[in-house]
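**Q** Sequence and predicted structure, then a few things I'm wondering about:
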Amino acid sequence: MASGTRKTGRKQVWFRVFLAGGLTLALILLAHTVSTYVYVSGNMVTQASLRDAASRLRSVERHIRGAGVSDPAALSEALEEVRTESDPPIAWLRLIRPDGSVLASTAAALDPPVSFSNLRQSAADAGTFHETRQTPDGTVLVTAFPVRLNPGGRAGALLEMAVDPDAAAASFAYLRVNLVIGVSAALALLGTLVLVRLRFPHYLRGKQLENQVATARSVQNRLLPNSTPASAAAEIAADCQPAGHVGGDFYDVFETDRSRLALILGDVSGKGIAAAPLMGFIHGAAHASEWTESTYDHERASRRLNDLVCRKTDPERFVSMFWAYFDADDHRLRYVNAGHLPALIVRNPRTGAGTRRLEDGGPVLGVVPGAAYTQGAVEIEPDDVLVVYSDGIVEASNARDEEFGEAGIARAVAESWREPAEDIRARILAALDGFTGGRAPEDDRTLIVIRFGQAAVEARPERAAPNEAVAEVAMCA
């Protein structure tokens with residue numbers, strides 16, 4: 001247990017190390033992608049816009065000089081002509097004198113105009129003048145260059161131009177898509193790692209529960225017989241198929257110190273881990289008592305076991321149980337049926353003896369404190385077949401919602417009555433599988449088949465029946 005705990009602890013440490021590394025890498029990827037996106041959006045697009053604006057400003061400059069006009073109205077018309085014919089469109093064009101006054105302008109130009117001092121400041125900062133402005137039609141990028149209106153002259157004006165920055169950004173659309181994908185991937189990785197971290201305790205708890213289920217299953221398997229005991233009195237075959245990893249059914253078949261053949265089959269309410277502890281509790285208590293010694297001992301053990309279950313378990317937990325022992329000395333099977341399905345004694349179908357149901361006993365264990373239990377007894381004839389089963393056998397249903405029932409068991413036994421106990425058990429389970437169409441069981445299925453041979457009944461007791469009754473009464477007293 002300590003070794004398993006240390007191993008689990010080491011796994012948790014390594015998990016946290018790798019998770020921390022993954023989170024760090026996801027954050028680095030996210031930061032790098034975002035910074036790249038910001039650089040592309042805020043720098044590269046602007047630089048491309050400025051390069052495009054410079055090229056277009058030079059084109060406008062050549063157009064104005066080629067027109068050979070100097071009148072402000074004519075210059076405004078020339079600028080408007082350039083603006084309307086431009087592709088991509090220009091928001092506005094404006095010529096500005098050195099003193100800051102506007103020489104010519106297109107419509108929609110926003111104040112203030114760019115001045116030579118703005119240009120000189122940009123040059124001092126080793127940059128190109130540009131700024132973004134908000135207009136009723138959206139954001140525009142404003143830039144300006146000095147122009148010569150007369151060939152060979154000095155710069156006599158500033159040419160201001162406002163353009164849509166998204167026009168230049170179109171050429172970076174593929175890069176933006178890649179950046180968006182990168183950001184999405186980083187966020188997805190980050191979210192996944194956070195979710196894994198949040199869910200890890202639940203996963204760890206699930207693994208611990210799996211280990212507990214495996215341990216419970218192992219304990220349950222050790223409680224069940226590894227093999228059917230060899231007995232001179234009978235042939236024995238048994239099978240237990242839990243519906244889940246851990247079942248609520250239990251059984252045992254063994255010989256006592258007085259060579260009596262004893263059997264127990266119980267069904268704990270519910271299934272799974274919740275039923276397993278009670279199963280082990282009942283199994284141990286049944287083995288700890290000397291219930292096979294006499295009728296009195298059997299009935300007293302049943303009462304005590306019922307009271308013990310009432311005191312030690314929750315009210316919704318109860319156990320149905322059939323336990324019996326066979327004494328070859330008087331060829332009788334004595335039993336107590338504590339609220340369980342009746343066991344069946346199937347006799348030679350050729351004689352018409354039919355099937356006997358073993359119902360004597362009392363209520364289920366754990367429901368009625370102080371309940372009384374009565375031992376039943378049945379005389380065993382040569383080749384009688386005893387079938388003890390849980391409700392997972394008789395209540396199994398087919399596609400038409402019909403139950404297999406006692407009739408299904410009796411029919412399968414009658415068809416294989418001359419065969420050994422193991423073959424009868426296999427015939428019952430095969431008939432059940434054929435009836436249900438091979439569907440997985442919804443409840444635990446436990447089955448015990450005992451075929452009594454001639455050796456079980458050939459030696460009858462010499463004492464008279466009345467003496468036997470007197471002895472039994474004396475023993476109860």
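**A** That came through fine. Note that the coordinates shown come from a computational prediction; the quantities given were computed from them, not determined experimentally.
**Q** Trp406: neighbouring residues, count only.
**A** For the record, residue 406 is Glu, not Trp. 17 (other C-beta atoms under 10 Å). In short, each C-beta sits where N, CA and C put it, glycine included.
**Q** With the flanking residues excluded, which residue is spatially nearest to it?
**A** Leaving aside its sequence neighbours, Glu406 sits nearest to Val394 (C-beta to C-beta, 6 or more residues apart in numbering; 5.9 Å).
**Q** Torsion angles phi and psi at that neighbour?
**A** Note on Val394: its backbone torsions stand at phi -80, psi -30 [degrees, to the nearest 10].
**Q** List the contacts of Glu235.
**A** If a contact means C-beta atoms under 8 Å, 6 or more residues apart in numbering, then Glu235 has 420-422, 450-451, 453 as its contacts.
**Q** same thing but 7 Å
**A** 420-421, 451, 453 (C-beta atoms under 7 Å, 6 or more residues apart in numbering).
**Q** a strand runs through Arg451, doesn't it?
**A** Yes - counting by DSSP: H, G, I helix; E, B strand; the rest coil, Arg451 falls inside a strand.
**Q** Any idea what it is bridged to?
**A** Glu235, Val385 (DSSP bridges).
**Q** now it: how far from Phe326?
**A** 12 Å (C-beta to C-beta, to the nearest Å).
**Q** Isn't Val309 up against Leu365?
**A** Yes - at 4.7 Å, Val309 counts as touching Leu365 under the criterion of C-beta atoms under 7 Å.
**Q** The two: which is more packed in?
**A** Leu365 (30 against 24).
**Q** Now for the more buried one: which residues touch it?
**A** 305-306, 309, 318-319, 321, 338.
**Q** Quickly list what's touching both of Val309 and Leu365.
**A** Counting by C-beta under 7 Å, 6+ apart, the shared contacts of Val309 and Leu365 are Val319.
**Q** on that earlier part again, from the contacts of Glu235, which has minimum pLDDT?
**A** Ranked by pLDDT, the contacts of Glu235 bottom out at Gly453 (78).
**Q** and it, how many residues sit next to it?
**A** 16.
**Q** Spatially nearest residue to it, not counting backbone neighbours?
**A** Ala234 (6.3 Å).
**Q** Same check on Pro242?
**A** Per C-beta to C-beta, 6+ apart, closest to Pro242 is Asp444, 5.0 Å.
**Q** Over to Gly354?
**A** Per C-beta to C-beta, 6+ apart, closest to Gly354 is Arg347, 6.6 Å.
**Q** who are the neighbours in contact with that neighbour?
**A** Here Arg347 is in contact with 353-354, 381, 384 (C-beta under 7 Å, 6+ apart).
**Q** re earlier: right, and the residue nearest to Glu406 touches Ala410 too?
**A** No - with contacts counted by C-beta under 7 Å, Val394 stays clear of Ala410, the gap being 10.6 Å.
**Q** Tell me the first helix or strand C-terminal of the strand or helix carrying Ser55.
**A** Ser55 is part of helix 45-67 when elements are defined by DSSP states H and E. Sequence order places helix 72-85 as the next helix or strand after helix 45-67, per DSSP H and E.
**Q** other SSEs contacting that next one?
**A** Where contact means 3 or more C-beta pairs under 7 Å, 6 or more residues apart in numbering; DSSP states H and E, helix 72-85 is packed against helix 45-67, strand 90-96, strand 102-105.
**Q** Between these, which one is closest to Gly182.
**A** Nearest to Gly182 among the helices and strands packed on helix 72-85 is helix 45-67; the distance by C-beta to C-beta comes to 17.5 Å.
**Q** returning to what we had before: now, which of the contacts of Glu235 sits nearest Pro89?
**A** Ala421 (98.0 Å).
**Q** Leu29 reaches Ala186, doesn't it?
**A** Yes - here Leu29 reaches Ala186: they are 4.4 Å apart, a contact under C-beta under 7 Å.
**Q** Which of the two has more residues huddled nearby?
**A** Ala186 (20 against 17).
**Q** what's the distance between Leu190 and Asp164?
**A** Relative to Asp164, and taking C-beta to C-beta, Leu190 is found at 35 Å.
**Q** Assumed Met161 was part of a strand.
**A** Yes - using three-state DSSP, the assignment for Met161 is a strand.
**Q** Distance check, it against Asn337.
**A** Taking C-beta to C-beta, one finds Met161 at 103 Å from Asn337.
**Q** Quick one: low-confidence residue ranges for the stretch 1-150 of the chain.
**A** Filtered on pLDDT under 70, the stretch 1-150 of the chain yields the residue ranges 1-12, 37, 39-46, 67, 122-128, 150.
**Q** Apologies, that question was intended for the stretch 151-300 of the chain.
**A** Using pLDDT under 70, the stretch 151-300 of the chain drops low at 151-155, 168-175, 204, 206-230, 244-247, 270-276.
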